[in-house]
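Enquirer: Need a 3D model of the following:
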Amino acid sequence: MQHFVSPDRSGQADGIRRNRREWLVGMGGMVASVVAGCRPSTEGSDGAARDPGGGAQKVTLMLNWFPEVEHGGFFAAKVEGIAAQLGLQLAIRSGGPAAPVAQELVTGRVDFAVANADDVLLYQQQGAPVVAVLAAMQQSPRCILVHRDSGITSLEQLRGLTLQAGAGRPYLLFLQARGLLDGVQVVPYSGVPRFCADKKSAMQGYLFSEPFLAEQLGCPAHALLVADLGFNPYASCLVTTRRAIAERADLVARMVQACRDGWLRYLESPQETNLEILRANQHGMTQEALEYGSRAIQPLCLPTGMRREEFGQMTRSRWQQLFDQFLELGLIDAQRFRVDDVYTSRFIDAAVAPGVPQ
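Expert: Next up, the predicted model:
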């Protein structure tokens with residue numbers, strides 16, 4: 001995710017937003033103390049808030065950052081009227097630095113949220129029963145940027161560089177464990193301008209954001225995907241709580257269907273939805289950035305060999321791989337939860353193949 005502001009402030013915003021992991025580590029028992037949650041005061045038979053006039057169910061989705069292309073399909077579900085056709089009055093709430101996704105979900109202040117798979121594992125580690133029900137991005141957008149004229153073509157060639165990155169991030173710990181940061185000086189993230197000013201530097205980024213910013217500053221960059229090394233968390237997942245799945249299965253099923261159809265519409269024709277994202281962002285987003293991002297995100301959502309009909313699906317093997325990697329890195333405790341606790345594919349499978357019992 002990228003907070004698009006003026007070039008000299010973009011690095012600061014990115015550094016703040018990627019401090020979410022540190023926030024999670026410092027949460028302690030905060031999430032556990034509110035896991036029981038609270039319920040909306042006006043509820044239907046499935047627990048979802050309803051219009052007093054008996055109309056569409058009101059449902060709130062919380063973003064994990066300010067509105068951007070990584071949320072495109074969720075906005076399209078609303079803009080294109082898809083959610084309304086499924087009886088949902090969808091409200092989308094912006095996130096931001098240290099967006100309290102887990103707390104808002106488990107206390108019932110929001111019904112759904114957006115989170116990456118690695119965040120879901122960390123939420124579960126802290127006692128929040130957050131469950132992924134759809135994965136918008138099959139491939140993680142996490143990348144390391146190097147100068148295009150550096151001659152570097154793989155993450156095995158970073159030795160001797162200065163890397164702007166946030167300490168303690170799971171992907172960074174993975175690189176360290178693989179020995180790929182040996183001889184690399186890791187410094188706090190300070191933005192694209194600093195990267196452009198130092199030919200011997202590298203920086204963390206997202207494939208659909210930082211490369212665009214660098215290009216805008218006349219600094220062509222080459223993006224090295226961390227996913228190519230096997231550390232590949234699903235991204236822009238639709239998440240909810242275990243309680244919602246147990247007590248409001250119909251609502252979850254319709255929300256998954258709406259978001260899946262919204263994403264397919266966005267990937268096909270993002271223009272109208274991008275205008276809404278631009279209006280909703282309020283943090284320096286530009287039309288050019290959205291156009292670039294909506295093109296760059298396509299292969300992340302539908303990698304080569306994946307059919308449109310399969311969009312949003314998740315596999316146990318992918319979640320198990322991430323779970324095992326987190327165990328190896330010491331980020332989670334296998335005694336606290338199991339891999340089957342962090343996701344369910346029942347709703348997306350039913351959306352892909354309508355008529356299959358849930």
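Enquirer: Where does the prediction get shaky in the chain?
Expert: 1-54, 354-358 (pLDDT under 70).
Enquirer: Tell me which stretches of it form strands.
Expert: For the chain, the strands defined by DSSP state E cover 57-62, 88-93, 112-115, 130-137, 142-147, 162-164, 185-187, 201-206, 221-225, 235-241.
Enquirer: Residue 319: which of those is closest?
Expert: strand 130-137 (8.2 Å; CB to CB). Using the backbone N, CA and C atoms, a C-beta is placed for each residue, glycine as well.
Enquirer: now for the closest one, which elements pack on it?
Expert: Applying 3 or more CB pairs under 8 Å, 6 or more residues apart in numbering; DSSP states H and E, one finds that strand 130-137 contacts helix 101-106, strand 112-115, helix 117-125, strand 235-241, helix 242-247, helix 249-268, helix 298-301, helix 346-352.
Enquirer: so which of those gets nearest residue 218?
Expert: Between residue 218 and those, the tightest spacing by CB to CB is seen for helix 298-301, at 25.6 Å.
Enquirer: Please state the offset of stretch 124-144 from the chain centre?
Expert: Here the centre of stretch 124-144 is set off from its chain's centre by 6 Å, with CA atoms, centre = their mean, to the nearest Å.
Enquirer: show me what contacts residue 79?
Expert: 272-273, 276 (CB atoms under 8 Å, 6 or more residues apart in numbering).
Enquirer: Could you rerun that using 10 Å?
Expert: Counting by CB atoms under 10 Å, 6 or more residues apart in numbering, residue 79 touches 72, 90, 92, 262, 265-266, 272-277.
Enquirer: again, but for residue 330
Expert: Residue 330 neighbours (CB under 10 Å, 6+ apart): 173, 177.
Enquirer: got the contact list for residue 185?
Expert: So residue 185 contacts 160-163, 200-201 (CB under 10 Å, 6+ apart).
Enquirer: actually residue 146, not the one I typed
Expert: The contact partners of residue 146, taken as CB under 10 Å, 6+ apart, are 152-155, 157-158, 161, 163, 195, 199-203, 221-224.
Enquirer: can you rerun that using 7 Å?
Expert: 152, 202, 221-222, 224 (CB atoms under 7 Å, 6 or more residues apart in numbering).
Enquirer: which among the contacts of residue 79 end up buried?
Expert: Buried members of those, counted by 16 or more other CB atoms under 10 Å: 72, 90, 92, 262, 265-266, 273-274, 276-277.
Enquirer: Adding distance to residue 190 and neighbour count, write the contacts of residue 146 out as TSV.
Expert: As requested, these are exported to TSV (distance: CB to CB, whole Å; neighbours: other CB atoms under 10 Å):
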residue	distance to residue 190	neighbour count
152	20	19
202	13	26
221	16	26
222	20	18
224	20	22
